[in-house]
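Asker: Would you be able to build a 3D model of this:
(2 chains)
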Amino acid sequence: KAGVTQTPRYLIKTRGQQVTLSCSPISGHRSVSWYQQTPGQGLQFLFEYFSETQRNKGNFPGRFSGRQFSNSRSEMNVSTLELGDSALYLCASSLDGTGGLYEQYFGPGTRLTVT
Amino acid sequence: DQQVKQNSPSLSVQEGRISILNCDYTNSMFDYFLWYKKYPAEGPTFLISISSIKDKNEDGRFTVFLNKSAKHLSLHIVPSQPGDSAVYFCAASFGNEKLTFGTGTRLTIIP
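Answerer: Have a look, this model is predicted:
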């Protein structure tokens, strides 16, 4: 079974630009969650999509948005990039949810650098 | 407000000895706790979990202990091996609510 894939793996953008990251979950998984990892902050939850609907949301500004398609693939968009958005963005998929009861499988992440 | 805290950013342990990674939490509603392991350039992988109705869960060389009154959990790795060198994240959740992760502890096993 193929794992979670994320594209691109590395990205360099300048302040003010926008970026779209993509995540393909494990086949059959309906829940896709996005996390931001920065040094000293650990993994911070951005949002979770389930059956094309946002089901959970973290404490990030509206510049961070996402969507999920009918095949469960998900995209995350960040508009008006700031230097502080430089981070590793991780996507995780699970069968049915984002809580501890459902094992989440993570992709390798997209390393975003904002200059 | 960091609800899950890993106060040691790094830990070095001799190969063959016990590694103990600690995690504290503040939200008494958390009822499920997990440990993830992360190698560079890879996503975190699930290691072991524990429900709040238990105080210990074992899986091979890995044991997780939960002290609910102290709001503290720990991961013991015995014996430690070079392949255990990684960043370890603890995480907690309430029901099917989102996972809340700690900041991570970098474990280095010295051969």
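Asker: Might you list the low-confidence residue ranges for chain A?
Answerer: Residues of chain A meeting the criterion pLDDT under 70: A:1, A:98-100.
Asker: Show the contacting residues for residue 90.
Answerer: Chain wasn't specified; assuming chain A. Counting by Cβ atoms under 8 Å, 6 or more residues apart in numbering or on different chains, A:Leu90 makes contact with A:6, A:34-37, A:43, A:106-107, A:109, B:43-44. For the C-beta atoms, the positions are set from N, CA and C on the backbone; glycine is no exception.
Asker: try chain B instead
Answerer: B:Cys90 neighbours (Cβ under 8 Å, 6+ apart): B:4, B:6, B:21, B:23, B:33-36, B:73, B:75, B:101-102.
Asker: Please list which of the residues you listed are also close to chain A.
Answerer: Restricting these to those near chain A by Cβ under 8 Å from any Cβ of the partner chain leaves B:4, B:6, B:33-34, B:36, B:101-102.
Asker: So which residues on chain A come close to chain B?
Answerer: By Cβ under 8 Å from any Cβ, the residues of chain A that approach chain B are A:4, A:33, A:35, A:40-45, A:48, A:56, A:58, A:90, A:92, A:97-109.
Asker: what do you get if the cut-off is 7 Å, keeping everything else the same?
Answerer: Counting by Cβ under 7 Å from any Cβ of the partner chain, the residues of chain A close to chain B are A:40-43, A:45, A:48, A:56, A:58, A:90, A:97-101, A:103, A:106-109.
Asker: Need the pLDDT of the residue nearest to B:Lys56 when sequence neighbours are not counted.
Answerer: Distance criterion Cβ to Cβ, 6 or more residues apart in numbering or on different chains; nearest residue to B:Lys56, sequence neighbours excluded, is B:Phe65 at 5.5 Å. B:Phe65 is assigned 98 on the pLDDT scale.
Asker: Could you tell me how many residues sit around residue 7?
Answerer: Just so you know, I chose chain A. 11 (other Cβ atoms under 10 Å in any protein chain shown).
Asker: try again with chain B
Answerer: Counted with other Cβ under 10 Å, the neighbours of B:Asn7 add up to 10.
Asker: Equivalent analysis for B:Leu47, please.
Answerer: Per other Cβ under 10 Å, the neighbour tally for B:Leu47 reads 19.
Asker: residues from chain B in reach of chain A?
Answerer: B:32-34, B:41-44, B:46, B:49, B:89, B:91, B:93, B:95-99, B:101-104.
Asker: Please pick the buried ones from those residues.
Answerer: Neighbour counting by 16 or more other Cβ atoms under 10 Å in any protein chain shown classes B:32-34, B:43-44, B:49, B:89, B:91, B:93, B:96-99, B:101-104 among these as buried.
Asker: quick one: which of those sit in strands?
Answerer: Using DSSP state E, the members of these that fall in strands are B:32-34, B:49, B:89, B:91, B:93, B:101.
Asker: give me every residue that touches residue 25.
Answerer: Using chain A here. By Cβ atoms under 7 Å, 6 or more residues apart in numbering or on different chains, A:Pro25 lies in contact with A:4, A:32, A:72, A:93.
Asker: actually chain B
Answerer: B:Tyr25 sits next to B:3-4, B:71, B:92 when contact means Cβ under 7 Å, 6+ apart.
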